[in-house]
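Colleague: Structure here, sequence nowhere to be found:
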């Protein structure tokens, strides 16, 4: 390959698209379509980022990020400090639940997985959760957390029935979105550790538990980090669960007076619902605020994707199989 | 060359033939010495003056994976003060035999075992498996340091013993001693907190030796420890092996006949699960008794 490229001048861009003279018409059409698809996607991504950048710079003012929204719908003005913090709270809650849970599931699936039928059931469980639309998870969460058993987790409405909407509930259901990503990335990382590394630990008289704790999990750090970061990105971008399970108040509405807990069981909003509210589809009627908030949201998600790139790049030294 | 070439020797091997297990060469056997291309022995250290001390023994050991018999009724003795090399073509069961000595073969779900394995006269089944594996260390084909610092790799086997965790200061003498014995100390003494996976392949393998030595095993099992290494690293490791044999009983599985000639005191040749020949290295390589051993050590097949 490289010898050929060295001997002959590299083909220009058009030469690459046109392909070799000996190719059949079908092949050439296929190659052309593949090029067109790739270029189209680049164009779409670039136009989203550029348009949002343009709108963001046009409408975003520094004070928006640090001021509270106005409490009433339809009032113009106010910032979106509360939605930004709400996004952070939901994302942190979701990953705090999904991280340990997902890593445990992945460890069990790769290192134990007995009995086999249970392992298959767990695998399909993860797949089902991964495939469930978030609006379905949201509705399901609402039904579960409106049971009076869970009344300590959300504000109570009339007749002492819990509202079923709070940061904690939204975060808990959000963790289900992140969970399959954490499980998948961790499993992949564990699978990539050669068998003889595990055996080296057993050969030193270690049992399986300390092998997992001291060797396998440290060796899977990058994979776990990737899964958690991807999951966080999914949580931050989700709208349906926040819309249904967070109470859709623009400002923080604490529940009770216990510091911290009042916030977790209280209502609020995130950037996604703030954008929805202020977009022409919502009731807030401040499209310029929607653009500004959408720009901030896009910046956060892109930053997370960049973080994943940083984690996975330069895989570090590893073992040969 | 007018004469018709004889068929390749491998065709002449009778798989069904009874294995001829020979413990000592009968005097005055008719075979000519196979002296062509003998590798020189490593002569750095004289053989220990004390008579070799028996450490492990297998008695009629058979191991099967499902219905497939991998090791067939093998009886062998592993002694401190000497290096025992297991040689034979791929799939002859030598690695399986090695892995059974520290009961690592039990990790393979389909594996079953017959016969007995004794460590210091006691059946290994009677020992707690984690205790057994501390007494019988193992080195693998690929260097496999753990993803932690050099110091932590060597200290790995020493930690989590009992409820009281030893501090870094308490572990320091044992760690540097193990690194000394593995011949790695001078190269890494200033970088003990560096990640072990950043070392070169040969250094990684010597680190793995140090990791095994730190728990002070009586027996060390080596599964083709140099097959992934360059000749210079191989030489360093072979010298370490020869130097260690006075304190530790060493069993080495190798595909490399020259390596067996350089390091081994006794050699066991296995073929298709059978122990075909066992004897002093000099005898097995120069005047093997069994026909198959002759074929193998003279390069006829394998």
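Modeller: Cool, the structure landed. All figures in this text were calculated on a predicted structure; none of them were measured in a lab.
Colleague: isn't residue B:209 right up against residue B:179?
Modeller: No: the pair residue B:209 / residue B:179 is not scored as a contact, 9.5 Å apart, by Cβ atoms under 8 Å. C-beta: built from backbone N, CA, C; applies to glycine.
Colleague: Low-confidence regions, the stretch 151-300 of chain B specifically.
Modeller: B:161-164 (pLDDT under 70).
Colleague: can you do 50?
Modeller: For the stretch 151-300 of chain B, no stretch has pLDDT under 50.
Colleague: Just checking stretch A:191-211 against chain B, any contact.
Modeller: Yes: legend: contact between stretch A:191-211 and chain B by Cβ under 8 Å from any Cβ of the partner chain is shown at A:194, A:196-197, A:199-207, A:210.
Colleague: Now pLDDT, neighbour count and secondary structure too, for these, in a markdown table please.
Modeller: Formatted as a markdown table, the residues of stretch A:191-211 next to chain B follow (pLDDT from 0 to 100; neighbours: other Cβ atoms under 10 Å in any protein chain shown; DSSP: H, G, I helix; E, B strand; the rest coil):
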| residue | pLDDT | neighbour count | secondary structure |
| --- | --- | --- | --- |
| A:194 | 94 | 16 | coil |
| A:196 | 94 | 19 | helix |
| A:197 | 95 | 21 | helix |
| A:199 | 95 | 19 | helix |
| A:200 | 95 | 28 | helix |
| A:201 | 95 | 23 | helix |
| A:202 | 94 | 20 | helix |
| A:203 | 94 | 26 | coil |
| A:204 | 93 | 23 | coil |
| A:205 | 90 | 23 | coil |
| A:206 | 92 | 23 | coil |
| A:207 | 90 | 12 | coil |
| A:210 | 91 | 16 | helix |
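Colleague: Give me the most central residue, the chain.
Modeller: Going with chain A. residue A:234 (2.1 Å; Cα atoms, centre = their mean).
Colleague: Oops, wrong one, chain B.
Modeller: residue B:252 (1.5 Å).
Colleague: and it, what does it touch?
Modeller: Each residue near residue B:252 by Cβ atoms under 8 Å, 6 or more residues apart in numbering or on different chains is listed here: B:83-86, B:222, B:225, B:241, B:259-260, B:263-264.
Colleague: host element of it?
Modeller: strand B:249-253 (DSSP states H and E).
Colleague: now that strand: how far from the chain's centre is it?
Modeller: With Cα atoms, centre = their mean, to the nearest Å as the basis, strand B:249-253 stands 3 Å off its chain's centre.
Colleague: same thing with stretch A:99-113?
Modeller: 19 Å.
Colleague: tell me which residues in that stretch are buried?
Modeller: A:99, A:101-103, A:105-110 (16 or more other Cβ atoms under 10 Å in any protein chain shown).
Colleague: Apart from its chain neighbours, what residue comes closest to residue 132?
Modeller: Let's take chain A. What sits nearest to residue A:132 in space, not counting adjacent residues and going by Cβ to Cβ, 6 or more residues apart in numbering or on different chains, is residue A:176, at 7.7 Å.
Colleague: my bad, chain B
Modeller: In this structure, residue B:132 finds its nearest non-sequential neighbour in residue B:124, 5.5 Å apart by Cβ to Cβ, 6+ apart.
Colleague: hang on, residue B:288 is in a helix, isn't it?
Modeller: No: using DSSP: H, G, I helix; E, B strand; the rest coil, the assignment for residue B:288 is coil, not a helix.
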